[in-house]
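Visitor: need a structure here:
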Amino acid sequence: VSTAMSHLPKKDGAQRIVSVSAAPYDGHSFARVLESLASMGATHVEPAFIVGYTEPFDESTFSQAQARQYAAWLQEHGVRCHAFSSHIDLGRPDAVEVFKGRMDFARRIGARVINTNAAARSNERRFFANIEPLLRHAEALDMWIGLENPGDGSDNLLNTAADGPELLRRIGSPRVGLNYDAGNTISHRPGVDTVADALSALPQCLHTHVKDVRVNADGYFFTPLGQGQVGCARILQGMAATALDLSIEIPLRLHRGPDSKPSRGAWPVPLADIERVLGAALRFVDQHLANATAQATTEEAA
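Guide: Numbers count the residues shown, from 1 in each chain. Below is the predicted model:
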């Protein structure tokens, strides 16, 4: 597998960036998130502002003053920001104004990639009208927009990897690619082979999310990597042959019901539990990327 993206997001150095999403820390302060990540040796955080997925917020969250505070915390704890999650429907009437503000905030704290959903299929016409000014803003900020497949079972412009090529062709800009998440596919389109879909999505990606999910009669539950049914090890093996950056995203406070709709727990997850899962996840990702790279090198030598 190799990435066909002609212009991957710029970054310092050629090494793959492995970020950790702030989603599992839902309910904890951002300063505490960074302190925790630094203690585990994580180098990059992906802040997460997703309605229904994280604590309630409004657009005042993305002020210049707040951006300065976030940047100061990042510098204090020695953690960097490459990717930023702030999902909205880009077909909303107010999407251009709202998403531009979030892009500005993300760029001020160092992000080069901002991840979002595309749009409900019913908002298709407005999505393609809105994406034009957002592309111009991305160009001005030297940012990239990652479109992520949702997990809630709705009908989106990006339901599975098969929707990607035509969607990106119509957008027609290297500033937009996929931020594919197989951990969403398993609840969004049950029955789709998550590994096959993820591997077919990689050439369209500019970034990816990695999470695992256990499925039972009560719904979809986010688990440590390798303990669910997504096939994370095989997906990472495919990713090892690309230059793609990724984020580990394990929203431990969240689960999805049998109808795929998200539900947040009443209380934040204890930090010790979060750190145990994320520490293991960082080791899991490093191990499987390294093993796949070593195997490929051995096969080439043979």
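
Visitor: what number of residues lie near the closest residue to Gly41 other than its chain neighbours?
Guide: Across the structure, with C-beta to C-beta, 6 or more residues apart in numbering as the measure, the residue nearest Gly41 apart from its sequence neighbours is Leu282 (7.1 Å). C-beta coordinates here come from the backbone N, C-alpha and C atoms, glycine included. Neighbour count of Leu282, defined by other C-beta atoms under 10 Å: 18.

Visitor: do Met103 as well
Guide: 23.

Visitor: same question, Pro270
Guide: Other residues within reach of Pro270, judged by other C-beta under 10 Å, total 11.

Visitor: dihedrals phi and psi, it?
Guide: Reported as degrees, to the nearest 10, the phi and psi values for Pro270 are phi -60, psi 140.

Visitor: distance of it relative to Leu252?
Guide: For Pro270, the distance to Leu252 under the criterion C-beta to C-beta, to the nearest Å works out to 10 Å.

Visitor: follow-up on the earlier one: so where does the residue nearest to Gly41 fall, helix or strand?
Guide: Assigned by DSSP states H and E, Leu282 falls within helix 271-301.

Visitor: tell me what that helix is packed against?
Guide: Applying 3 or more C-beta pairs under 8 Å, 6 or more residues apart in numbering; DSSP states H and E, one finds that helix 271-301 makes contact with strand 18-21, helix 30-40, helix 232-239, strand 246-248.

Visitor: so it versus helix 30-40, what angle?
Guide: Taking axes from the mean of the first three to the mean of the last three C-alpha atoms, to 10 degrees, one finds that helix 271-301 is oriented at 50 degrees with respect to helix 30-40.

Visitor: what's the angle from helix 271-301 to helix 232-239?
Guide: Computed by the same axes, to 10 degrees, the angle separating helix 271-301 from helix 232-239 equals 50 degrees.

Visitor: gap between helix 271-301 and the chain center?
Guide: For helix 271-301, the distance from its own C-alpha centre to the chain's C-alpha centre is 18 Å (C-alpha atoms, centre = their mean, to the nearest Å).
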